[in-house]
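Participant: pasted the sequence and its predicted model underneath.
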Amino acid sequence: MSTKLPDGKAMRDGQIFSARLNNVVTTEREFDELVAKSLPELLDRATGQTKRFLRETNQWGDDITHEKLALRWGYELVERFVVFGRTEVPCRPFFLLDSLIAKSFSQPDPLCYHKELLTPVGRFLDGLASRAVVSRDALIALFYHFYGFSQAHVVKLLGFGQAESQRVYKNFERWRQTGWQRTMNETGLSGSEIEVLEQELRTRPDHLNHEVDRLMPVLQSHYRKSEPEHYPCLSEQKWGQLFHDDYGHDYRVWHLAFCRDCFLEVADRRQAEVSSGLKPQVNLHIHPLKKGGVLALFGGDRGGRHHGNTRAQRLSRTSA
């Protein structure tokens, strides 16, 4: 389908959208409406530039794995554009997207490209982290997938009151219902690949958790680049003051989910509340926490296995 322009030339629908995306939008509403109509084009542009970057840096391979990788990073870039673009109005959407992509690729170790992240466990972790940047549900879920924390553990770790606690439970519920599956779809992990991870977690939990422990700093150092500049690591004394004076709730959620060292320090400091004296550790979980009557494991047998000796485990029966 084509449309006649005032000068008599015809432009196809896609070209018209490109022209519109190059024009200045002056209000947030105009930005939202234009982006909603142009998401396929925006995704195509972000994915294409991701492929170009990988080729120019000799990191591209003509196979389905790299195609999925470029598409998922394209999704991530567009999602960041949609979230933060509204704050840049007035703007030219295509120019703003190009600027965001260029800034992302110009950072040290862009997109934390490592061959190890092309493995099923690497793609799983990368998918969770990339989603957590734009979704609070996914952000809260990191505490469960990385460490086995249930809703109750998360609330106690973060020192939340009743209002914030209800939010955490709602985050877990939405993640369980739709968030996790959406993230797996965007990551490109197939059902068989997820089953392989589950099988390895059952048979070799220590090995898989060691891999997660090794990859987490790589992932977190990359994704913390989108963290606000006023969210630095804190000293032990300042963490104590933050909890004692009861401030910085958003900071606690974001930073502790994306900084393993600070998480371990705070969890160790607050172990009386969250772990019955047991040291915190990486404890990978693949699927989201089930609703009602599920034993959420922390600090005991890793990988979610149960071997009868429950005295060595910290078990909390939780419900959404």
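Facilitator: That came through fine.

Participant: so where's the stretch 151-300 of the chain shaky on pLDDT?
Facilitator: Along the stretch 151-300 of the chain, the model assigns pLDDT under 70 to residues 224-231, 272-278, 292-300.

Participant: could you identify the helix or strand that succeeds the top helix by length along the chain?
Facilitator: Criterion DSSP state H: the longest helix present in the chain is helix 28-56. Downstream of helix 28-56, the next assigned helix or strand under DSSP states H and E is helix 64-85.

Participant: residues touching that following helix, excluding its own?
Facilitator: Here helix 64-85 makes contact (CB atoms under 8 Å, 6 or more residues apart in numbering) with 31, 35, 39, 42-44, 46-48, 50-51, 54, 60, 91, 93, 96-97, 100-101, 104, 111, 118, 127, 130, 133-134, 186-188, 226. From N, CA and C alone the C-beta is placed, and that goes for glycine too.

Participant: what about the helices in the stretch 151-300 of the chain?
Facilitator: Taking DSSP state H, counting those that start in this stretch, the helices of the stretch 151-300 of the chain run over residues 151-158, 162-174, 180-187, 191-203, 205-223, 236-245, 249-258, 260-269, 271-274.

Participant: please identify the most buried of the ones you listed.
Facilitator: Per residue and on average, the most neighbours among these fall to helix 151-158, with a mean of 22 (mean count of other CB atoms under 10 Å).

Participant: off-centre distance for that helix?
Facilitator: With CA atoms, centre = their mean, to the nearest Å as the basis, helix 151-158 stands 19 Å off its chain's centre.

Participant: SS state for Phe124?
Facilitator: The three-state label given to Phe124 by DSSP: H, G, I helix; E, B strand; the rest coil is helix.

Participant: my bad, should have said Leu100
Facilitator: Leu100 ends up helix, using three-state DSSP.

Participant: selecting buried members of the contacts of helix 64-85 in PyMOL, what would you type?
Facilitator: Buried subset of the contacts of helix 64-85, written as a PyMOL selection, criterion 16 or more other CB atoms under 10 Å:
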select buried, resi 31+35+42+43+46+47+50+51+54+60+91+93+96+97+100+101+104+111+118+127+130+133+134+186+187+188
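
Participant: contacting residues around the residue nearest to His287 when sequence neighbours are not counted?
Facilitator: Counting by CB to CB, 6 or more residues apart in numbering, Trp180 is the residue found nearest to His287 once chain neighbours are left out, at 7.1 Å. By CB under 8 Å, 6+ apart, the contact set of Trp180 is Ala141, His287, Pro288.

Participant: quick one, what contacts the last one?
Facilitator: Same thing as Pro288. Going by CB under 8 Å, 6+ apart, Pro288 touches Ala141, Tyr144, His145, Phe172, Trp175, Arg176, Gly179, Trp180.
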